[in-house]
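The amino acid sequence is not available; the structure is as follows:
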């Protein structure tokens, strides 16, 4: 890690800590708390990948407050109720991943009980093809929602939570069914549309998270990602998965990817005093996610070489 990148990472963590609300949550924008749980989940992952835990590191109090907020959103049935009163599998996946990553190192019995309930929701929401969709019911599926559940299950399994192998096998089958043989990439749903950068990143990471390190689709998928790094649609979301996917691939693929991402992220960062942040998606989409999401995701990407989390290790 070079000095400039390290400085930006530490500045971004300070900015994120300062952006935390009194409740412990992070919001996508000052007047938009609709997705507070998912924003808090993504932000906690940025701290975790840098080695900060609820009882360890410079930002331990910030992490502890964020964890407390997330636990308050977990309902008795295991569903996650965001501030708007609804349950989304996007939020459910990232929050489960964050909680599992913390539990894996804290072994807090109270945290385990909530985590097990959240895992049961994911298991029950898997559809017959092996994937997941927006709502916690087994009716439909797409690769973007499915990757969040697959990663959450792997994080939980790493932490010692029981995850049936049958669930993993069915998830692998679903991801493979989205493969687009002509391009080497993956589609949003089986046999629908063309391959895309974000969906290919999600699939590549999903397969490796499930332990499929020798799947013949991995090589073509990584080549697709490297050939389409400038594909701007869902660029921020896609790179959240492209980074760990290519990090796990290693070798020249990772070296090329990280060099290009580092250059672009450092060119787009804003700095003031000892803080650093990104105030917009570098893909220029007007999707309203705001600076918290961008800063959390880009910080996580830059910090990948620290190798702290088992979830980002092969």
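Received it, and whenever you're ready, just let me know what you need. Keep in mind that this is a model prediction, so the values were computed, not measured.

which residues of the stretch 151-300 of the chain score low on pLDDT?
The stretch 151-300 of the chain contains residues with pLDDT under 70 at 281-289.

For it, which segments count as helices?
165-177, 197-209, 218-227, 235-249, 251-268, 290-302 (DSSP state H, counting those that start in this stretch).

Same question for the stretch 1-150 of the chain.
Secondary structure of the stretch 1-150 of the chain by DSSP H, counting those that start in this stretch: the helices cover 3-19, 36-48, 60-73, 89-106, 109-125, 143-158.

and residue 76, what does it touch?
When contacts are counted by Cβ atoms under 8 Å, 6 or more residues apart in numbering, residue 76 touches residue 117. Where you see a C-beta, it was placed from the backbone N, CA and C, and this is true even at glycine.

Next, it: phi, psi?
phi -60, psi -30 (degrees, to the nearest 10).

where's it relative to residue 15, distance?
35 Å (Cβ to Cβ, to the nearest Å).

next one: residue 279
Counting by Cβ to Cβ, the gap from residue 279 to residue 15 is 10 Å.

swap in residue 96?
26 Å.

Neighbour count: those two, which is higher?
residue 96 (31 against 22; other Cβ atoms under 10 Å).

pretty sure residue 68 contacts residue 20?
No. Residue 68 lies out of contact with residue 20 (Cβ atoms under 8 Å); the separation is 11.4 Å.

So which of those two has more stuff around it?
The neighbour comparison of residue 68 against residue 20 (other Cβ under 10 Å) goes to residue 20, with 21 against 13.

Show the contacting residues for residue 53.
60, 63, 102, 105-106.

The same query, at a cut-off of 6 Å, please.
By Cβ atoms under 6 Å, 6 or more residues apart in numbering, residue 53 lies in contact with residue 105.

partner residues bridging it?
residue 56 (DSSP bridges).

Quick check: it vs residue 118, distance?
Where residue 118 is concerned, residue 53 sits at a distance of 19 Å (Cβ to Cβ).

quick one on the thing from earlier: of all the helices of the stretch 1-150 of the chain, which one is nearest residue 256?
helix 3-19 (16.3 Å; Cβ to Cβ).

mind checking how far the residue of the chain positioned farthest from its centre is from residue 311?
The centre of the chain is farthest from one residue, residue 273, which by Cα atoms, centre = their mean lies 28.6 Å away. Between residue 273 and residue 311 the distance is 32 Å, computed by Cβ to Cβ.

How about residue 226?
As for residue 226, its distance to residue 311 is 22 Å (criterion: Cβ to Cβ).

what about these two, which has more around it?
residue 311 (21 against 15).

Burial check on the closest residue to that one other than its chain neighbours, number of neighbours?
Counting by Cβ to Cβ, 6 or more residues apart in numbering, residue 311 lies nearest to residue 155, which is 5.2 Å off, once chain neighbours are set aside. As a burial measure, residue 155 scores 28 neighbours (other Cβ under 10 Å).
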